[in-house]
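Student: structure for this input, please:
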Amino acid sequence: MSTRSVFITGAAAGIGRRTALLLAERGWTVGAYDIDEAGLATLVDEVAPLRGSVVTGRLDVTDADAFAAAVTDFVGQAGGRLDVLVNNAGILLAGPFEDSSAADHHREVDINVKGTVNGLHAAYPHLRATPGATVVNLASASAIYGQADLANYSATKFFVRGLTEALDIEWKRHDIRVVAIWPLFVQTAMTANMRTGTTDSLGIRLKPEDVAAKILEAIEPPKPRRALHQVHFPVGFQTTALTLGSRFSPAWLTRAVNKRLAGH
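Tutor: You can find the predicted model right below:
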C-alpha cells in the first residue's frame, strides 16, 4: 500500500504541529499548511530525521480557491491519495461578547466556520477517491453548552459539531468517516494570555500532544469504537466528564453547571 497521507491546516504550531510530527514519526506523508511560513520552515527541519515526509505551503483557509489548489497540489505530491484531512486552523476570542468588534467576530467565523467548509469542499473529491478516508474536525468542549466569555467561539464550534454529525451520515456512502475532536483548554498560543471564569475554575491542563494523540486514536480507532462508529472524541478526563454529564442531565442542570464554572 502507498504511504498514507494527511493534510493539516494550522500546522505551524500547537496542535497542528504536534499532529504533523506524530504522524510523520509513523511514516505518513504530511501536508502541513499555515499562514506562518517561518513556523513551517522549522517544522521541515524537525520532520527531516523522521520516517515520514512533509510538504508545506502557505494557506489562508478563508480563501476557498487557494484551499482547493493547495489540496490538489499536495495530493499530486502524495501519490494521488488523501487518507485524512485535519481541519485544525482556528482562532479564539475570549472575554465579554461586546468587548470584541463585529469585524473580529466575523474573522473568527471566517476562520473557524468558513475555513472548515472550505477544507471539506476542497478535500472531498480526493477523500472519495481514497478508500477508507477520514475527516478530523477540531471541535471543542465549548460545543457542549454555549460558553460565557467565549460566546462567538463556542458558536463556531457548535457549527463544527453539527456539520461533522451530518456529513458523517452523508458521506458514509462514499466510505468517508467524519469525526470531531473535543478538547477543553489547551496550552497553546491561543490560550497563553487568556483568562476567563472557566479557565480559573478548570485550568488549562491539556497539552498539544494530548490532542494529537486523540487525533491518532480517531484516525485509527480500536475495534470497539470502530464497531460503535464513534463520531465525537473528547480529550482528557474533564471533557469526558462534562460530555457525559450533559448527555444525562436535564437542560436546566447543564446550564447551571456551565454558569457556575464560568463564574456568572
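
Student: show me where the stretch 151-264 of the chain has strands.
Tutor: Assigned by DSSP state E, counting those that start in this stretch, the stretch 151-264 of the chain shows strands spanning 176-182, 232-234.

Student: surely Ala143 and Phe158 touch.
Tutor: Yes. In this structure, Ala143 is within contact of Phe158 by CB atoms under 8 Å, at 5.0 Å. (Glycine included, C-beta is placed from N, CA and C.)

Student: who's more crowded, the two?
Tutor: Using other CB atoms under 10 Å, the more surrounded residue of Ala143 and Phe158 is Ala143, with 23 against 17.

Student: who's in contact with that one?
Tutor: Residues near Ala143 by CB atoms under 8 Å, 6 or more residues apart in numbering: 154, 157-158, 160-161, 182.

Student: one more time with 6 Å, if that's ok
Tutor: By CB atoms under 6 Å, 6 or more residues apart in numbering, Ala143 lies in contact with 157-158, 161.

Student: tell me how far it lies from Arg18.
Tutor: Ala143 sits 21 Å away from Arg18, going by CB to CB, to the nearest Å.

Student: and the lengthiest helix in the chain, what does it pack onto?
Tutor: Among the segments of the chain that qualify as a helix by DSSP state H, the longest is helix 151-170. Applying 3 or more CB pairs under 6 Å, 6 or more residues apart in numbering; DSSP states H and E, we find helix 151-170 packed against helix 102-109, strand 176-182.

Student: residue contacts, Thr3?
Tutor: Thr29.

Student: wasn't it part of a helix?
Tutor: No. Under the criterion used here (DSSP: H, G, I helix; E, B strand; the rest coil), Thr3 is coil, not part of a helix.

Student: distance of it relative to Asp73?
Tutor: 17 Å.

Student: skipping adjacent residues, who's closest to the spatially most central residue of the chain in space?
Tutor: Geometric centre of the chain, nearest residue: Leu138, 2.1 Å, by CA atoms, centre = their mean. Distances taken as CB to CB, 6 or more residues apart in numbering place Asn88 nearest to Leu138, at 5.0 Å, with adjacent residues excluded.
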